[in-house]
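[1] sharing a sequence plus its predicted fold:
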Amino acid sequence: MGDINRDLSICFSTKYLYGLKHNRVLCAIEDVISRESINSIQLTEKNCVVTVKEKNQRDRLITVGIKIRDRSVNFVEIDKQLTNVTIKDLPYELSDSFVTTQMSQFGQVVQGSIRRGVIKDTSIENGTRYLQLKNCVPILPNKISFGKHEIRLFADNNRTSCKFCNGTDDPSFKCRDKPQQLRKCYNCHQPGHISKDCLEEVVCNDCLLAGHIKRDCEKYQDDKTRREMGEYADEIIEGRRGQSQSFDESITPCDTGIEDILWAKSKTLMLGDQVLKQFGKFQP
């Protein structure tokens, strides 16, 4: 059997209209066109399909839409496949009209289909927008820029490609080609174990040399100084190294005869309350 012509049939999604009945749809449609203009109202598992008698009646329903339970409902032509698009990372301040204009490069944005996502049980937005496209391009990019703002796109109907295999039949998080992330130690930067189980010497995150952490790294401190101080950086670095050398020279062996103990020539000793409680008063 050849393809049937469904030019006079239009539909809308019933996803958020639980328990919808034919009479409720009929009453809503009668606010736009007459009852005599309607051939059929069908409630399927996911959609409501309405067939009218004349093309101008179909166009009026598509243009005006209807209201059910205080919700605006938009019709689309049943022969034109819709693509549901989710947009992530959009700034709150970007208007829906701006988003509609930008997304028009990928297809025809269904009038009134754009809506903003909110945190569950609140009216606080979460930065996600949803819209529908007719005649969508075969493949939507995963990331695009709206001016200086980079956003992410996700779509059904196999319109977005997987970033691992470039296929359109699986989402990235389910892809078989997704590389398995190995556990990596924060201490020595080697895979196969985590820092609490590490037996190796600590490795600096900045210079990747063993024996010190980043905040004690001389290279890191020098680079930070150069970024912050600009043309005066070299003088500051040289002065800092000179002070360090002077401090090392001020340390002498103590007179107790124990060679491996060193005391500074001048030293201020400070004891906290907890130390005093544990060891008693310090007697010079």
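    That came in fine, so what should we check first?
[2] how much space separates residue 218 from residue 70?
    Separation of residue 218 from residue 70 (Cβ to Cβ, to the nearest Å): 67 Å. Every residue, glycine included, has its C-beta placed from N, CA and C.
[3] who has more neighbours out of those two?
    residue 218 (16 against 5; other Cβ atoms under 10 Å).
[4] quick one, phi/psi of that one?
    The phi/psi pair for residue 218 (degrees, to the nearest 10) reads phi -70, psi -40.
[5] let me know the pLDDT of it.
    The score at residue 218 is 85. That number is its pLDDT.
[6] give the contact list for it.
    Residues in contact with residue 218 (Cβ atoms under 8 Å, 6 or more residues apart in numbering): none are found.
[7] ok, now how distant is it from residue 53?
    Counting by Cβ to Cβ, the gap from residue 218 to residue 53 is 84 Å.
[8] residue 92 now?
    From residue 92 to residue 53 the distance is 45 Å (Cβ to Cβ).
[9] neighbour count winner among the two?
    Legend: neighbour count by other Cβ under 10 Å for residue 92 and residue 53, higher for residue 53 (14 against 8).
[10] all helices in the stretch 51-200 of the chain, in order from the N-terminus.
    Assigned by DSSP state H, counting those that start in this stretch, the stretch 51-200 of the chain shows helices spanning 55-64, 96-103.
[11] who wins for proximity to residue 74 among those helices?
    Among the helices of the stretch 51-200 of the chain, helix 55-64 comes nearest to residue 74, with 7.7 Å by Cβ to Cβ.
[12] helices or strands up against that closest one?
    On a contact count with 3 or more Cβ pairs under 8 Å, 6 or more residues apart in numbering; DSSP states H and E, helix 55-64 meets strand 9-13, strand 47-52, strand 76-77.
[13] out of the ones you listed, the one nearest residue 227 is which?
    Among the helices and strands packed on helix 55-64, the nearest to residue 227 by Cβ to Cβ is strand 9-13 (53.8 Å).
[14] can you list the buried residues in the closest one?
    9-13 (16 or more other Cβ atoms under 10 Å).
[15] and the helix or strand just after that strand, how far from the chain's centre?
    Beyond strand 9-13 in the direction of the C-terminus, DSSP states H and E gives the next helix or strand as helix 22-29. Here helix 22-29 shows a centroid-to-chain-centroid distance of 40 Å under the convention Cα atoms, centre = their mean, to the nearest Å.
[16] how about the nearest residue to residue 212 once chain neighbours are set aside, phi and psi?
    Closest residue in space to residue 212, ignoring its immediate chain neighbours: residue 204 at 5.5 Å, by Cβ to Cβ, 6 or more residues apart in numbering. With angles defined as degrees, to the nearest 10, residue 204 sits at phi -70, psi 140.
[17] excluding its backbone neighbours, what's nearest residue 16?
    residue 71 (7.1 Å).
[18] let me see the ranges of the strands in this structure.
    Under the criterion DSSP state E, the chain contains strands at 9-13, 38-43, 47-52, 66-68, 71-73, 76-77, 82-88, 108-109, 115-118, 125-134, 143-146, 149-155, 251-253, 262-264.
[19] okay if I get those strands as JSON lines plus distance to residue 100?
    Below are the strands of the chain laid out as JSON lines (distance: least, Cβ to Cβ, whole Å):
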{"stretch": "strand 9-13", "distance to residue 100": "19"}
{"stretch": "strand 38-43", "distance to residue 100": "30"}
{"stretch": "strand 47-52", "distance to residue 100": "23"}
{"stretch": "strand 66-68", "distance to residue 100": "21"}
{"stretch": "strand 71-73", "distance to residue 100": "15"}
{"stretch": "strand 76-77", "distance to residue 100": "16"}
{"stretch": "strand 82-88", "distance to residue 100": "11"}
{"stretch": "strand 108-109", "distance to residue 100": "5"}
{"stretch": "strand 115-118", "distance to residue 100": "12"}
{"stretch": "strand 125-134", "distance to residue 100": "7"}
{"stretch": "strand 143-146", "distance to residue 100": "12"}
{"stretch": "strand 149-155", "distance to residue 100": "14"}
{"stretch": "strand 251-253", "distance to residue 100": "72"}
{"stretch": "strand 262-264", "distance to residue 100": "71"}
